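Peer 1: Provided below for reference: sequence and predicted model.
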Amino acid sequence: MKNAIISELFKQMADIMEILGEDPFRINSYRKVARVIGDTPTDVEVLDTEGKLAELPGIGKSSLAKIEEFLKTGKMTAHEELLKKIPATLLDLLKIPGIGPKAVKAMWENLKIKDMNDLKKAIADGSLAKLPGFGEKKVSAIAKGIDFLEKSTGRIRIDHALEAAQLVTGFLKSIDGIRKIETAGSVRRRVETIGDVDILVAADDGEKIIDKFTKAKFVQEVLAAGETKGSAIIQTTAVPVHVDVRVVAKESFGAALQYFTGSKQHNVRLREIAIKKKWKLNEYGLFDGDKMIAGQNEKEIYKKLGLDYIEPVLREDRGEVEAAQNHTLPELIELSDIKGDMHVHTTASDGMCRPEEIIEAAKKFGYKYICITDHSESSAIANGLSPKRLAEEIKQVRKLSEKIKGIEILIGTEVDILADGTLDFDNKILAELDFVTASIHSGMQSPREKITGRTLKAMDNPYVNCISHPTGRLIGQREPMDIDMEAVIKHAAETGTGLEVNAHPMRLDLKDVHCKMAVEEGVKLIISTDTHHIENLGLMQFGVATAARGWVTKQNILNAQPLEKLRAFVKAKRPK
DNA sequence: GCCGTTTTCGGCCCGACTGTTTTCAGTCG
């Protein structure tokens, strides 16, 4: 699958052209190609073979030729030509906050700065500050930017971002004069990783709000403080988080919320629609000339533009604008639809709590059922169960099930998929379980054919109901396995096997675009927390958000169905 | 470079903040 590398090539070409000062619209079109290819779950090579590549939005003749050249030869001449014009290391400098293409170009042309080390030297010896357009403050901002970049781990997890958002909104709520407050940006869209957190406030005295925010106890460093916008690095229990607070008037709150929720590309589409109607859309409202025709609430803006309301999780310019025009938006899965958790671990393997504790906690969530799924023997590091220990656990859980009322208690397993694609338990014992999820925990570096083959073979087993965390990625820590997700999804549909949407913010696996692909093929998904601690049960919201970002409805989710339906799904695959 | 229910040519989203300026360019979202 070459999607990621092709996307990166186009992004690099856009960056280089920007440093060279070429036509911004042309640059923008390269960026769009990068984004569209990066967002596409289907292998570009497959799309090309089927002649469907040019059907993707933003891919015209010229981009198609570049992509095909790369697929055929492993080279992209246009990319190589551009790289001859500037050193590749210049692109790293663009990542420094406060430095853009113009600054990079000026530093390179005048001071021969070509990488981070050169830049540090130029700051230290004072030469950068002498460059026209670079004063003392700008140089100090760049130094800070380098420091931030070197310390930061890049984008942060959605749960960490949400914690920061809740900390700041909680604090702001206590200030007099605040009429409304909402978290906007990528946090509101529940994107899997977050760059910074955007908080939107409706109030009259912006300066006062920003002043209080930037002086709050949790603020580590103030990056900017104006009349309507404050920007700061704040401390949370997990990581430092960049938070922006913006203040707008009450009558513009909806327009500002829409605007600052993004995504940028989604907003561009909306503004284009406004322009066609001879209107103007900005963060203050929707305007016909000087007259505001919408702005106080967000729904009004979509309505006036002739669109059904689009939930924030869908606002990625992945077809949602067209669907809103045609009234074909899906009715998205919600947290309250979830009826049970199908993947939890107990002290029997590597979980931190006893079954009774988890079951009681699940009852408090209002779940109708829960399934205990401890590891199998091969996951030795996770204290996986031998067949004998599993047999004991089955007995123990059945007993609990008789004792505890108000929730159905199921016994299952998270069984290892072994190197040859067979399972860690034989079918005889699997047949005694209510639900079986299978996953790969070893040999994750194997080549694509091997990983894919193991997964497909596991799905052939009539007792396997679900594949857990199908790609094995750990966000920010481990790349996904090299696995053919198209083949996996097709085979899941063929064999009546479900796929997990692992809700842990570090996994979110399946990810959104794979969820979309799976439901389009008619595959049932199971959103599970993979709980190891009691608190983990609360992570379900992130799995639900990820599925919703993949246009998933309640009907597509197995554990949003009554228990009878879930049991029927298991039964349908087993030998009659 | 892409695109078309006003367009196959001529458009392509919009504003805040900052710093270095003295009216604006660069960066960011």
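Peer 2: Noted; the coordinates are in hand.
Peer 1: pLDDT weak spots in chain A?
Peer 2: A:151-154 (pLDDT under 70).
Peer 1: Would you map out the domains in it?
Peer 2: With domains defined by automatic domain parsing, chain A comprises A:3-151, A:156-248, A:253-325, A:335-573.
Peer 1: give me the number of residues near residue A:366?
Peer 2: 10 (other Cβ atoms under 10 Å). Where C-beta positions appear, they are placed from N, C-alpha and C, glycine not excepted.
Peer 1: oh, I was asking about residue A:362
Peer 2: Count around residue A:362 with other Cβ under 10 Å applied: 23.
Peer 1: Tell me how far it lies from DNA strand B.
Peer 2: Taking Cβ to the nearest atom of the strand, to the nearest Å as the measure, residue A:362 and DNA strand B are separated by 38 Å.
Peer 1: What of residue A:175?
Peer 2: Relative to DNA strand B, and taking Cβ to the nearest atom of the strand, residue A:175 is found at 17 Å.
Peer 1: Could you do residue A:256 as well?
Peer 2: Taking Cβ to the nearest atom of the strand, one finds residue A:256 at 10 Å from DNA strand B.
Peer 1: That residue: which element?
Peer 2: helix A:253-261 (DSSP states H and E).
Peer 1: now do residue A:223
Peer 2: Residue-wise, residue A:223 maps onto strand A:219-225 under DSSP H and E.
Peer 1: For that strand, which residues meet the burial criterion?
Peer 2: A:219, A:223, A:225 (16 or more other Cβ atoms under 10 Å).
Peer 1: same deal with stretch A:80-94?
Peer 2: Neighbour-count burial for stretch A:80-94 [16+ other Cβ under 10 Å]: A:82, A:86, A:90-91, A:93.
Peer 1: and the stretch 251-400 of chain A, which residues reach DNA strand B?
Peer 2: When proximity is defined by Cβ under 7 Å from any atom of the strand, the stretch 251-400 of chain A lies next to DNA strand B at A:260, A:262, A:264, A:267-268, A:271-272, A:274-276, A:278, A:280-284.
Peer 1: Quick one: mark the members of the residues you listed that sit in helices.
Peer 2: Judged by DSSP state H, helices contain the following of those: A:260, A:264, A:267-268, A:271-272, A:274-276.
Peer 1: And the buried ones among the residues you listed, selectable in PyMOL?
Peer 2: Buried subset of those, written as a PyMOL selection, criterion 16+ other Cβ under 10 Å:
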select buried, chain A and resi 260+267+271+274
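Peer 1: Please name the residues that touch the residue nearest the centre of chain A.
Peer 2: Nearest to the centroid of the C-alpha atoms of chain A, with distances taken as Cα atoms, centre = their mean, sits residue A:192, at 2.2 Å. Taking Cβ atoms under 8 Å, 6 or more residues apart in numbering, we find residue A:192 in contact with A:157-158, A:475, A:505, A:508, A:511-512, A:546.
Peer 1: again, 7 Å this time
Peer 2: A:158, A:475, A:508, A:511, A:546 (Cβ atoms under 7 Å, 6 or more residues apart in numbering).
Peer 1: before we move on, the earlier item: and the two most separated of the ones in helices among the residues of the stretch 251-400 of chain A next to DNA strand B?
Peer 2: Pairwise distances across those (Cβ to Cβ) peak at 23.3 Å, for the pair A:260 and A:276.
Peer 1: My understanding was that residue A:245 contacts residue A:201; is that so?
Peer 2: Yes: between residue A:245 and residue A:201 a contact is recorded at 6.4 Å, counting by Cβ atoms under 7 Å.
Peer 1: joint contacts of the two?
Peer 2: With Cβ under 7 Å, 6+ apart, residue A:245 and residue A:201 have no common neighbours.
Peer 1: follow-up on the earlier one: scan the contacts of residue A:192 and report the most crowded one.
Peer 2: residue A:546 (30 neighbours).
Peer 1: Going by secondary structure, that residue is in what exactly?
Peer 2: Per DSSP H and E: helix A:540-549 holds residue A:546.
Peer 1: Not counting its own residues, what contacts stretch A:424-444?
Peer 2: A:342-343, A:371, A:373, A:376-379, A:387, A:390-391, A:394, A:410-419, A:423, A:454-455, A:458, A:463-469, A:472, A:481, A:500, A:570.
Peer 1: contacting residues for the nearest residue to residue A:247 once chain neighbours are set aside?
Peer 2: Leaving out its chain neighbours, the residue that sits closest to residue A:247 by Cβ to Cβ, 6 or more residues apart in numbering is residue A:206, at 3.6 Å. With contacts defined as Cβ under 7 Å, 6+ apart, residue A:206 is in contact with A:227-228, A:247.
Peer 1: So which of these belong to helices?
Peer 2: Among those, no member lies in helices (by DSSP H).
Peer 1: Take the residues you listed and write them to JSON lines, including neighbour count and distance to DNA strand B.
Peer 2: Output for the contacts of residue A:206, formatted as JSON lines (neighbours: other Cβ atoms under 10 Å; distance: Cβ to the nearest atom of the strand, whole Å):
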{"residue": "A:227", "neighbour count": "12", "distance to DNA strand B": "5"}
{"residue": "A:228", "neighbour count": "16", "distance to DNA strand B": "4"}
{"residue": "A:247", "neighbour count": "26", "distance to DNA strand B": "8"}
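Peer 1: what's the closest of the residues you listed to residue A:26?
Peer 2: residue A:228 (33.1 Å).
Peer 1: The closest one is in contact with residue A:247, isn't it?
Peer 2: Yes: contact criterion Cβ under 7 Å: residue A:228 and residue A:247 qualify, at 5.1 Å.
Peer 1: what about the residue of the stretch 451-576 of chain A found nearest DNA strand B, neighbour count?
Peer 2: Here the stretch 451-576 of chain A gets closest to DNA strand B at one residue, residue A:476, 18.1 Å apart by Cβ to the nearest atom of the strand. Neighbour count for residue A:476, taken as other Cβ under 10 Å: 13.
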